[in-house]
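Visitor: Prediction below, plus the sequence it came from.
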Amino acid sequence: MAAAPKLAVAMIKKTYIAVVVPVYRGEQFVEELCNRLHATLGQIDASYSIVLVDDASPDNSWQRIKDEARKDSRVLGVQLSRNFGQHYAITAGLDNVDADWVVVMDGDLQDQPEDILTMHEKAVRDGFDVVIAERSLRTDPFLRKMSSAIFNRFLSLLSGLNLSARYGNFRIMNRNAHQAFAQMREHMRFYPAIMQWIGFRSGYAQTSRVARPHGRSSYTLVRLIKLAVQATVAYSERPLHVSIVLGLVISLAAFILGAYVIAMKLFWNVDVEGWTSLFATVSFLGGLQIFLLGIVGLYIGKTFQESKKRPLYLVRERADGAVNTAILPKPVKALPSAEQSRPTRRSTADRKGFKDNR
């Protein structure tokens, strides 16, 4: 039987600082982003790495990433097998770094690579495990600011998380925080919420967020609201608590109304006519029940997704230096043949010896 081919194991370089960047429709940003990151990280330490994760972008982002990886061995490219989403791409990047300090930032150049210097200095000087970029200046369009504010307000209200439009994914963390994040393998990924849950001593650094130089964000208001609902179900039980309180309030109101109708009939002999109000009440309660069942269904669906134990992402290809390696599935172990699986027959002497030794 021919031996199965050996697969090359991707080695993760250990560095002092690493930057993880999810890339989607970013072919116009990759080269400038890498040039500015090289200039910035070189001022901190010569030992650094840049991990660019292509989330199955439909443009030529992956080719630009491979070009940068060929030019400099400190650049690692990871291409996912399909579009998993930004927060899964961040997870894939963090799984491919081994550094004392790790930075996560967007790849559209709205987050300034030069601000990493300030964030790193504050973390080292003040002893913070995590330093979050606080946007003191934001030059996004009005609709973008409005949709972001609605998203963060909606998610904070439903989930109990302390989220704000002033904070995004841009932050730096030390090895302890990075290792803690790596233990969080739930299927629903929302990077800021996970970082908030793991805690650690956190600080803030004032940064500026400039206007997007090319194109526009793929996060529309509808997508943001959808993400808010998913994140709420994943990281909070508050909707279930609200449904319990709402059910109790409606039950109490129905009890008071029923007592009022009975009292009107017994003490004042007044017939209360209310077919219209009865129809409206029944319709309202029916719709409310369906709504609450939908909330419970979301939590059941989340549990079902988690029970599958599927990987968070799949990697199609890596670009590491001058070598581009396709990630192949592990070979399936061959089953033994019929001759190999047939039990051997023991001789009479062997069986007798076995009985004597029992």
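Guide: Looks like it came in fine. No experiment lies behind these values; they were computed from the predicted model shown.

Visitor: Any idea how many residues pack against Ala39?
Guide: By other CB atoms under 10 Å, the residues close to Ala39 number 11. C-betas here are computed from N, CA, C, even on glycine.

Visitor: where's it, which helix or strand?
Guide: helix 30-44 (DSSP states H and E).

Visitor: Asp106 versus the nearest residue to Pro58 once chain neighbours are set aside, what's the distance?
Guide: Counting by CB to CB, 6 or more residues apart in numbering, Arg25 is the residue found nearest to Pro58 once chain neighbours are left out, at 7.1 Å. Computed as CB to CB, to the nearest Å, the Arg25 to Asp106 distance reads 12 Å.

Visitor: Same question for Asp129.
Guide: 22 Å.

Visitor: So for the two, which residue has more residues nearby?
Guide: Asp106 (22 against 19).

Visitor: check which helix or strand covers the closest residue to the more buried one other than its chain neighbours.
Guide: Among residues not flanking Asp106 along the chain, Asn169 sits closest, at 6.1 Å (CB to CB, 6+ apart). Taking DSSP H and E as the definition, one finds Asn169 inside strand 167-174.

Visitor: and what of Gly77?
Guide: Residue-wise, Gly77 maps onto strand 75-80 under DSSP H and E.

Visitor: Each with direction, which strands does that strand pair with?
Guide: For strand 75-80, the paired strands and their directions (DSSP bridges) read strand 48-54 (parallel), strand 315-320 (antiparallel).

Visitor: rank those by mean pLDDT and give me the bottom one.
Guide: Ranked on mean pLDDT, the bottom entry among those is strand 315-320, at a mean of 87.

Visitor: check contacts around the closest residue to Arg201 other than its chain neighbours.
Guide: Using CB to CB, 6+ apart and skipping the chain neighbours, the partner closest in space to Arg201 is Asp129 (4.9 Å). Asp129 is in contact with 123, 173-174, 176-177, 200-202, counting by CB atoms under 8 Å, 6 or more residues apart in numbering.

Visitor: quick one, helices of the stretch 51-200 of the chain?
Guide: 61-71, 86-94, 115-126, 142-159, 175-182, 191-198 (DSSP state H, counting those that start in this stretch).

Visitor: residue ranges with poor pLDDT in the stretch 251-358 of the chain?
Guide: 271-280, 283, 287, 304-306, 308, 321-358 (pLDDT under 70).

Visitor: quick revisit: next, work out how far apart the residue nearest to Arg201 and Phe29 are.
Guide: 29 Å.

Visitor: Also Leu298?
Guide: 35 Å.

Visitor: quick revisit: contact partners of the strand holding Gly77?
Guide: 13, 34, 49-56, 62, 65-66, 68-69, 88-89, 92-93, 96, 313-320.

Visitor: Give the buried residues for it.
Guide: By 16 or more other CB atoms under 10 Å, the buried positions in strand 75-80 come out as 75-80.

Visitor: quick one on the thing from earlier: nearest to Gly286, of the helices of the stretch 51-200 of the chain?
Guide: With CB to CB as the criterion, Gly286 lies closest to helix 142-159 of those, at 23.6 Å.

Visitor: ok, His38 - contacts?
Guide: 50, 72, 74.

Visitor: Among these, name the buried ones.
Guide: Among these, those buried by neighbour count (16+ other CB under 10 Å) are 50, 74.

Visitor: picking that back up, for the residue nearest to Pro58, grab the count of nearby residues.
Guide: With other CB under 10 Å as criterion, Arg25 counts 19.

Visitor: which SSE is it in?
Guide: Counting by DSSP H and E, Arg25 is found in no helix or strand.

Visitor: And it, how far from Ala46?
Guide: 32 Å.

Visitor: Isn't Ile12 up against Asn96?
Guide: Yes. Taking CB atoms under 8 Å as the definition, Ile12 is a contact partner of Asn96 at 5.9 Å.

Visitor: Looking at those two, which has the bigger crowd around it?
Guide: Neighbour count, other CB under 10 Å: between Ile12 and Asn96, Asn96 has more, with 21 against 16.
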